[in-house]
Each structure stands twice: as C-alpha cells, then as structure tokens.
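Q: sequence unknown, structure follows:
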C-alpha cells in the first residue's frame, strides 16, 4: 500500500517539506510520483525512513546517514544492528533510571545516600587507571577534557559512529573479508580517522596522515584488541578483532 507524502508526514510527526528535503539529498526518494505531482511511499520507503530517523536520533548528520545507508543495502540486517544499539542505550538508561529512583527514595525516606549506587550508568572514567598505565596521565586527562567538553548530541554522535564502525568490522569478519582487501583497508582508514579525532593519543607527526596517531600506537592498539576480550567484543569477538589488527597493521605499513 502506497502512502501519500502528507500521510507519511502525519505518521512520522514531521513535515512534507522535510520529506522533500530528504528526497533532494537522495536519502529518501519517493516510490513513485503521481500524475498530480504528489509523492507516494511504499513499505520499502517507510523502512528506509525508519532507519533514517533511528540514525538521526543517534546523533548522525544527514551526510553520515547517507553514507551508512549506502553501505548497508539490506534493511533487515541493518535494523538488527540498530536494534542492538537501541538495546545498549536502553540498558544504560535503565541503570540511570534505577540509580536516580534510588536516590529519590533515599532522599525522601531520610536514608543514607550510597555513592556507589548514585552514578550507575553515568561513568565514563572506568578505564582511567588502565589508560594512565598504558599511555600516561596526560593521555587520560586530555581525553577526559575532550569527552566532558562535548555536548550530549556530540557524545551521542560519537558513540553512534563508534558502534557503526564496530558493526561494520563485525560484518566484514563474518563475510570472510581479507585484511588486505580494498573493503578492509577502507575500514582501516575509517578506523584511523576515528582514532585521529581523539586528542592526546601518541602522534607521529609524519607520514601521509599528518599528526594522527603514530604507527606504533595503531599497531599496538590492534594487538590489544586481540589480547583483551573486552575490546575484541566491540568487533564481534576474536575473529573480528584479528581482522581489525591485521588490517590496521597493513594500513599503518602503507600510510604511517
């Protein structure tokens, strides 16, 4: 069943103008255009629109959304990834809700506040000691200033890009992509650019990538992904972590 642009706008809670803007950007072309010039959208277009809205809520801009949609042509597979991201966010919010609810209960009941329970779901410093031990106190301090200086939307966008990168590595590993293939090397380039956006990392200041992370840092990080299951889990487990390690090593050898 095709729906008119007005019906879709009402259904989504947006405007026809927004949907036409998505069309002009190539994000959401109509399924057909009637003789009266009206745009109509079928079920496939509605699924695509749902994905656009999910990615937008995760903080991605429209150009980034277009890139994600182009890479993930199979909607069901992509929506499984979106669902996992939503579940992770749901879990984090559930912990925050429980934490705040407990604080309210203790305040209203005159009970003792338990600091250990007040910030569940809020902590971004859980790896502080480990980062300082591996890369020094300034590396952690610089990263902490960068993270806390972000707006909520910027943090959400960075998390979404991180999760998408991890999902793309996982998918590549599942498909048996070779580390030296063009696809894996494109992922390695994205991974390097993602790392380059984090201040305080050891920098080479040379090579084709300028002041981005050094070759030693990048290859060492790849080794850590394989050695530490906590980090490897971001790439679907050991198989994915090994692909990331090997692809980053090749990328670093060529470009850093």
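A: In hand now; what should we look at? Predicted, not measured: the structure shown is a model, and the values here were computed from it.
Q: Show me where the stretch 1-150 of the chain has its helices.
A: Along the stretch 1-150 of the chain, the stretches classed as helices by DSSP state H, counting those that start in this stretch are 5-12, 16-24, 43-57, 62-71, 75-109, 115-118, 128-135, 137-148.
Q: Tell me what angle the third one forms with helix 62-71.
A: This points to helix 43-57. Counting by axes from the mean of the first three to the mean of the last three CA atoms, to 10 degrees, helix 43-57 points 130 degrees away from the direction of helix 62-71.
Q: tell me what helix 43-57 is packed against?
A: helix 5-12, helix 62-71, helix 75-109 (3 or more CB pairs under 8 Å, 6 or more residues apart in numbering; DSSP states H and E). (Each C-beta comes from the backbone N, C-alpha and C, glycine too.)
Q: the inter-axis angle of the shortest one versus helix 16-24?
A: Meaning helix 5-12. For helix 5-12 against helix 16-24, the angle by the same axes, to 10 degrees is 110 degrees.
Q: Any idea which of the helices of the stretch 1-150 of the chain has the lowest pLDDT on average?
A: If you rank the helices of the stretch 1-150 of the chain by mean pLDDT, helix 115-118 sits at the bottom with a mean of 46.
Q: Beyond the strand or helix carrying residue 165, next helix or strand please.
A: According to DSSP states H and E, residue 165 maps onto helix 152-174. For helix 152-174, the following helix or strand on the C-terminal side (DSSP H and E) is helix 182-196.
Q: so what does that next one touch, helix or strand wise?
A: helix 152-174, helix 215-227, helix 238-255.
Q: Looking at those helices, which one is packed in the most?
A: helix 238-255 (a mean of 20; mean count of other CB atoms under 10 Å).
Q: So what touches that helix?
A: Helix 238-255 is contacted from outside by 169-170, 172-174, 177, 179-180, 184-185, 187-189, 191-192, 207-209, 215, 218-219, 221-223, 225-226, 229, 231-232, 235, using CB atoms under 8 Å, 6 or more residues apart in numbering.
Q: about what we covered before: and the helix holding residue 165 with helix 43-57, angle?
A: 120 degrees.
Q: so who does residue 61 touch?
A: residue 157.
Q: cutoff 10 Å now
A: Residue 61 makes contact with 55, 67, 157 under the criterion CB atoms under 10 Å, 6 or more residues apart in numbering.
Q: Would you format those as a markdown table with distance to residue 108 included?
A: Conversion of the contacts of residue 61 to a markdown table gives the following (distance: CB to CB, whole Å):
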| residue | distance to residue 108 |
| --- | --- |
| 55 | 40 |
| 67 | 48 |
| 157 | 36 |
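Q: Return the member of those nearest to residue 90.
A: For these, the minimum distance to residue 90 (CB to CB) is 16.8 Å, reached by residue 55.
Q: wait, doesn't the closest one sit right on residue 82?
A: Yes: assessed by CB atoms under 10 Å, residue 55 is found in contact with residue 82 at 7.7 Å.
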